[in-house]
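K.L.:
Structure for this input, please:
(2 chains)
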Protein chains: 2
Amino acid sequence: MANIRIWLKYDGTDFHGYQIQKNGITVQELIEKAIEKITGAKTPVIGCSRTDAGVHAYMYAANFRSDTKIPDKKLPVALNTALPDTIRVYKAERVSDDFHATFSATEKTYEYTIDTNEIADPFLKRYAWHYNYFVDSKRMKEGARYLIGKHDFTAFMASGGQTKTTVRTVKNIEITEKDKVITIKITADGFLYNMVRIIAGTLVYCGAGKLTPEDVGRILESKDRKEGGITAPPEGLKLISVVYEE
Amino acid sequence: MANIRIWLKYDGTDFHGYQIQKNGITVQELIEKAIEKITGAKTPVIGCSRTDAGVHAYMYAANFRSDTKIPDKKLPVALNTALPDTIRVYKAERVSDDFHATFSATEKTYEYTIDTNEIADPFLKRYAWHYNYFVDSKRMKEGARYLIGKHDFTAFMASGGQTKTTVRTVKNIEITEKDKVITIKITADGFLYNMVRIIAGTLVYCGAGKLTPEDVGRILESKDRKEGGITAPPEGLKLISVVYEE
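P.N.:
Residues are numbered from 1 along each chain as shown, chains lettered A, B, ... in the order given. Below you'll find the predicted structure:
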């Protein structure tokens, strides 16, 4: 059977996250149903990331095994007719048999958006955390510097994650601000469970003066989740790219 | 009683337009209820534009008469607590007694967005018209030139509008394109009913080769709605500014 990789995009607002669960409709479930509908075969799908309810994906990779005769070029359109319009498949391609959407990823980039305006923007409601306090993005940048590099990120991991090691390499954190809307763009070789949301919560607390930039370094070194800031809400989070070494 | 102007923003997806009607929840109705809730008095509100169901407002002006003792500075927050979070009031200010949100407007600017990508962007679903054909935005610009200036726009008016004159002055039309998403920004001293949506539909047909740029001029001169292009769907439309001479 061929190993097929698909690239997709989804607005996570109305879903209970990516991964199949009992209590709500998930992206994985809808994709598996769509594949079954067009190929006739029950097909488990492996996703590149376990995004939570409300989290979005601007570019998401998944793979599955299938002996479908539908050519790669026609697969996206076929799948899209069987999916709700908040999920769109852009591309399908055959990959080597050992490709695994989670484990083959060498780099991921997430964006986290915070609307710090006193009055929330209705157009950002689904896509940003409304945090109605003064946040100094320069101070956030100072705090973020402590996180760059290869570290044990236990202090920035929620319980419930399954991982062999808590060491990750954060390659870059870019913080930009426009009209009091702050965006944190973070690239790493991988992320622990809720890591971006905890980093976002911690850096926002740093920018708001509840933590010093040095505290961010201290929290990292503590390896203790209790030392960190809050887990920022899901709606501000968006997976924007996944890189695979070919 | 004071004449109070408010500035607001709303995501129109879930509303049956601005103006009160029997068959659905409207922005006007919700604002009037919010004012009644905080002032105790039934208060009719005058809006700057009769936006249709699904149309958005990035900046919208309205006025009402009230003897409320709530200071202007506190009015937005008070109103927002009584409104759904898809409508936000940003500013309230006393204006001269003869101010009228519709008739005192000297200029309005609308933006219309078209997603011409083969596969629709889930994040633009609520905010753009997905038109899955090749559209040449240069050709749209050529067609748009015929509309600039003072003209009788009868051919670009839907029935059902109430207006003394069908003459309007279009001051500017700016067409931009990025990643196959085309935006038409149009400024005029006023607009007829559905005028922006009919202009958008006609210019898109021009860009798609169904009409020539010269046809756009011919349609304008015909003063006949039947000659024009389709009325583009509401979700792509957004009021972005209203100007008043003070």
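
K.L.:
and chain A, which residues reach chain B?
P.N.:
Proximity of chain A to chain B (CB under 8 Å from any CB of the partner chain) is limited to residues A:9-11, A:56, A:58, A:76-77, A:80, A:85-90, A:119-123, A:125, A:127. Any C-beta I mention is one placed from the backbone N, CA and C, and that applies to glycine too.

K.L.:
10 Å instead, please
P.N.:
When proximity is defined as CB under 10 Å from any CB of the partner chain, chain A approaches chain B at A:8-13, A:56-58, A:76-77, A:80, A:83-91, A:117-127, A:130, A:238.

K.L.:
Return a PyMOL selection command for the buried portion of these.
P.N.:
Selection of buried members from the residues of chain A next to chain B for PyMOL, criterion 16 or more other CB atoms under 10 Å in any protein chain shown:
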select buried, chain A and resi 8+9+10+11+12+13+56+57+58+76+80+83+84+86+87+88+89+90+117+119+120+121+122+123+124+125+126+127+130+238
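
K.L.:
quick one, what contacts the residue lying farthest from the centre of chain A?
P.N.:
When distances are taken from the C-alpha mean of chain A, A:Lys69 lies farthest, 31.9 Å away, according to CA atoms, centre = their mean. By CB atoms under 10 Å, 6 or more residues apart in numbering or on different chains, the residues touching A:Lys69 are A:Thr39.

K.L.:
helix, strand or coil for it?
P.N.:
coil (DSSP: H, G, I helix; E, B strand; the rest coil).

K.L.:
Break down chain A into its strands, ranges please.
P.N.:
Ranges of strands within chain A are A:2-10, A:46-47, A:56-66, A:87-95, A:105-115, A:129-130, A:149-152, A:167-178, A:181-188, A:237-244, based on DSSP state E.

K.L.:
Pull the number of nearby residues for A:Thr163.
P.N.:
Residues within reach of A:Thr163, counting by other CB atoms under 10 Å in any protein chain shown, total 12.

K.L.:
should've said A:Thr102
P.N.:
Using other CB under 10 Å, A:Thr102 has 15 other residues around it.

K.L.:
That one against A:Tyr60, yeah?
P.N.:
No. The criterion here is CB atoms under 10 Å, and A:Thr102 misses it with A:Tyr60 at 11.7 Å.

K.L.:
of all the strands of chain A, which lies closest to B:Asn194?
P.N.:
strand A:87-95 (29.3 Å; CB to CB).

K.L.:
Give the other helices and strands that the closest one contacts.
P.N.:
Secondary-structure packing of strand A:87-95 (3 or more CB pairs under 10 Å, 6 or more residues apart in numbering or on different chains; DSSP states H and E): strand A:2-10, helix A:27-39, strand A:56-66, helix A:75-81.

K.L.:
any chance of those in CSV, plus mean pLDDT?
P.N.:
Output for those, formatted as CSV (pLDDT from 0 to 100):
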stretch, mean pLDDT
strand A:2-10, 97
helix A:27-39, 95
strand A:56-66, 96
helix A:75-81, 96
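
K.L.:
Spit out the contact partners of A:Glu93.
P.N.:
Applying CB under 10 Å, 6+ apart to A:Glu93 gives the contacts A:3-7, A:63, A:72-73, A:75.

K.L.:
Go again with 6 Å.
P.N.:
A:5, A:72 (CB atoms under 6 Å, 6 or more residues apart in numbering or on different chains).

K.L.:
Disregarding flanking residues, what is the spatial nearest neighbour of A:Gly236?
P.N.:
Nearest-residue entry for A:Gly236: A:Trp129, 3.9 Å, with adjacent residues in sequence omitted and distances by CB to CB, 6 or more residues apart in numbering or on different chains.

K.L.:
where does chain A dip in pLDDT?
P.N.:
Low-confidence segments of chain A, defined by pLDDT under 70: A:161.

K.L.:
Domain ranges for it, per the record?
P.N.:
Here the domain assignment for chain A is A:2-95, A:108-244, based on automatic domain parsing.

K.L.:
Can you tell me which of the helices and strands packed on strand A:87-95 is most buried?
P.N.:
With neighbours defined by mean count of other CB atoms under 10 Å in any protein chain shown, none of those is more surrounded on average than strand A:56-66, at a mean of 22.

K.L.:
any idea of the angle that one forms with helix A:27-39?
P.N.:
Taking axes from the mean of the first three to the mean of the last three CA atoms, to 10 degrees, one finds strand A:56-66 and helix A:27-39 inclined to each other by 40 degrees.

K.L.:
Tell me the strands beside strand A:56-66, with direction?
P.N.:
With DSSP bridges as the test, strand A:56-66 is paired with strand A:2-10 (antiparallel), strand A:46-47 (antiparallel), strand A:237-244 (parallel).

K.L.:
which other residues reach the shortest one?
P.N.:
Put plainly, it is strand A:46-47. Residues outside strand A:46-47 that contact it (CB under 6 Å, 6+ apart): A:18, A:28, A:62-63, A:101.

K.L.:
Please apply the same query to the longest one.
P.N.:
Contacts of strand A:2-10 with the rest of the structure, by CB under 6 Å, 6+ apart, involve A:27, A:57-58, A:60-66, A:87-95, A:97, A:99, B:122.

K.L.:
okay, the angle between that strand and strand A:87-95?
P.N.:
Following the same axes, to 10 degrees, one obtains 150 degrees for the angle between strand A:2-10 and strand A:87-95.

K.L.:
now strand A:2-10, how far from the centre of its chain.
P.N.:
In terms of CA atoms, centre = their mean, to the nearest Å, the centre of strand A:2-10 is found 16 Å from the chain centre.

K.L.:
would you put the C-alpha positions of that strand in PDB?
P.N.:
Below are the C-alpha coordinates for strand A:2-10, written out as PDB (Å, rounded to 0.1, in the frame of the first residue of the first chain):
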ATOM      1  CA  ALA A   2       1.200   3.500  -0.800                       C
ATOM      2  CA  ASN A   3       2.100   5.900   2.000                       C
ATOM      3  CA  ILE A   4       0.400   9.100   1.200                       C
ATOM      4  CA  ARG A   5       1.100  12.500   2.800                       C
ATOM      5  CA  ILE A   6      -1.600  15.200   2.700                       C
ATOM      6  CA  TRP A   7      -1.200  18.900   3.500                       C
ATOM      7  CA  LEU A   8      -4.100  20.700   5.000                       C
ATOM      8  CA  LYS A   9      -5.400  23.800   6.700                       C
ATOM      9  CA  TYR A  10      -8.100  24.100   9.300                       C
END
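
K.L.:
wait, what's in contact with A:Asp85?
P.N.:
If a contact means CB under 6 Å, 6+ apart, then A:Asp85 has B:Lys125 as its contacts.

K.L.:
I'd like the distance between A:Ser222 and B:Lys185.
P.N.:
51 Å (CB to CB, to the nearest Å).
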